[in-house]
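S.K.: Need coordinates for the below:
(2 chains)
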2 protein chains.
Amino acid sequence: MIEIERKFLVKSSDFKEQAFAQNQIAQGYLSSLPERTVRVRIKGKKGFLTIKGIVHHGGMSRFEWENEIPLDEAQELLKLCEKGKIEKTRFEIKAGKHVFEVDEFYGENEGLIMAEIELESETESFEKPDWLGEEVTNDERYYNAYLSKKPFKTWEK
Amino acid sequence: MIEIERKFLVKSSDFKEQAFAQNQIAQGYLSSLPERTVRVRIKGKKGFLTIKGIVHHGGMSRFEWENEIPLDEAQELLKLCEKGKIEKTRFEIKAGKHVFEVDEFYGENEGLIMAEIELESETESFEKPDWLGEEVTNDERYYNAYLSKKPFKTWEK
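M.R.: Predicted coordinates for the structure are as follows:
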């Protein structure tokens, strides 16, 4: 399928009290190239293998394939991954008919909080909560695969 | 799981009349690094996603994870792969309690025929058919991921 998503920074921690779900995520990359990203993720007690292709149309659309896999297999595959695991808490927040996924990062990416929304089309409108900040959809530094190599704490600010 | 396999060249085409199964294989790599190979394969009408880790113990043992995936998804994922698809016919041949998989390559790897046997342990003995040639288990040039980048026809002989 083709995934259309927009990414934003987050201005305040007000999103936390609006969350209907909260999960720990640990993820790594078998390939972190933007042309063919292969990601291993553990979210709560579930494992996932996700493959993403190159980004089209100004950064919003991307081929995405995902399969749930057993937790123990995800743990084994995570050991094979490139250096630079990503650890974060994901909060899910309803906004109108959409859901924002807000990721609070730890470790080498501590200080970064990022919100994502998945859309049906690139022109679809959506509700913007008060805590939503600057859009960073087209900024490749905010790709998780990039963050695994160049973590937020190492950025020049 | 850990996969233990040995690879051999093939001296004659006698294996063909002994085969109990024959399938076309097309495969590509989302990552062809030996440390974390991610392979997309179409075998007959089935799709597979396979992840292999680094090789241990002199080239015989390797971590391997494989899942069958729908054919149409395998076709989509094959489009994302690195350049250098591998095409071959796989013949399966019984030899005592083991099965040899013999791959006859096409395209840029035409001329190469290679047999593999999967073993329970690195010291397990097995029947050697008359057509079985030189062992190449420890020669990295014969990895399919390597062949996808440096095909057989380009080798200096």
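S.K.: Need the single longest helix in chain A, by residues.
M.R.: The residue-count maximum for a helix in chain A (DSSP state H) belongs to helix A:71-80.
S.K.: who touches that helix?
M.R.: The contact list for helix A:71-80, computed with C-beta atoms under 8 Å, 6 or more residues apart in numbering or on different chains, reads A:26-28, A:30, A:40-42, A:45-49, A:69, A:85, B:35-36, B:51, B:53-54, B:63, B:65. Backbone N, C-alpha and C define where each C-beta goes, glycine included.
S.K.: Among those, name the ones in strands.
M.R.: A:26-28, A:30, A:40-42, A:46-49, A:69, B:36, B:51, B:53-54, B:63, B:65 (DSSP state E).
S.K.: Can you tell me which of those residues are buried?
M.R.: The neighbour-count test (16 or more other C-beta atoms under 10 Å in any protein chain shown) applied to the ones in strands among the contacts of helix A:71-80 identifies A:26-28, A:30, A:40-42, A:47-49, A:69, B:36, B:51, B:53, B:63, B:65 as buried.
S.K.: Quick check: of the residues you listed, which lies closest to residue B:149?
M.R.: residue B:36 (15.4 Å; C-beta to C-beta).
S.K.: Distance check, that closest one against chain A.
M.R.: In this view, residue B:36 and chain A are 5 Å apart by C-beta to the nearest C-beta, to the nearest Å.
S.K.: ok, for residue A:35, nearest residue in space, not its chain neighbours?
M.R.: residue A:54 (5.0 Å; C-beta to C-beta, 6 or more residues apart in numbering or on different chains).
S.K.: do the same with residue A:109
M.R.: residue A:152 (4.3 Å).
S.K.: Could you tell me how many residues sit around the one you found?
M.R.: 18 (other C-beta atoms under 10 Å in any protein chain shown).
S.K.: For it, what are phi and psi?
M.R.: phi -50, psi -40 (degrees, to the nearest 10).
S.K.: what sits against it?
M.R.: Contacts for residue A:152 (C-beta under 8 Å, 6+ apart) come out as A:105, A:108-112.
S.K.: Over to residue A:145?
M.R.: Per C-beta under 8 Å, 6+ apart, neighbours of residue A:145: A:29, A:32-34, A:37, A:39.
S.K.: Bridging across strands, which residues link to the closest residue to chain B within chain A?
M.R.: Relative to chain B, the nearest point of chain A is residue A:31 (4.1 Å; C-beta to the nearest C-beta). For residue A:31, the beta-bridge partners are residue A:38 (DSSP bridges).
S.K.: Tell me who's in contact with it.
M.R.: Contact partners of residue A:31, counting by C-beta under 8 Å, 6+ apart, are A:37-38, A:82, B:30-31, B:36, B:38.
S.K.: Kindly state the pLDDT recorded for it?
M.R.: Residue A:31 is assigned a pLDDT of 96 by the prediction.
S.K.: and if you look at residue A:25?
M.R.: Looking at residue A:25, its pLDDT stands at 98.
S.K.: And for it, the neighbour number?
M.R.: Residue A:25: 19 neighbours (other C-beta under 10 Å).
S.K.: ok, it touching residue A:86?
M.R.: Yes: in terms of C-beta atoms under 8 Å, residue A:25 counts as a neighbour of residue A:86; the distance is 7.5 Å.
S.K.: low-scoring pLDDT stretches of chain A, where are they?
M.R.: Judged by pLDDT under 70, chain A has its weakly predicted residues at A:55-60.
S.K.: Can you name the residues of it that neighbour chain B?
M.R.: Contact residues, chain A versus chain B (C-beta under 8 Å from any C-beta of the partner chain): A:30-31, A:35-36, A:38, A:49, A:51, A:53-54, A:63, A:65, A:67, A:69, A:73, A:76-77, A:80-82.
S.K.: Among the contacts of residue A:31, find me the one that's closest to residue B:124.
M.R.: Nearest to residue B:124 among the contacts of residue A:31, with distances taken as C-beta to C-beta, is residue B:36, at 27.2 Å.
S.K.: Could you pull up the residues touching the closest one?
M.R.: Contact partners of residue B:36, counting by C-beta under 8 Å, 6+ apart, are A:30-31, A:80-82, B:51-54.
S.K.: Let's have these in JSON lines, adding distance to residue A:8.
M.R.: Listed next are the contacts of residue B:36 as JSON lines, based on distance: C-beta to C-beta, whole Å:
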{"residue": "A:30", "distance to residue A:8": "28"}
{"residue": "A:31", "distance to residue A:8": "26"}
{"residue": "A:80", "distance to residue A:8": "32"}
{"residue": "A:81", "distance to residue A:8": "27"}
{"residue": "A:82", "distance to residue A:8": "27"}
{"residue": "B:51", "distance to residue A:8": "33"}
{"residue": "B:52", "distance to residue A:8": "38"}
{"residue": "B:53", "distance to residue A:8": "37"}
{"residue": "B:54", "distance to residue A:8": "39"}
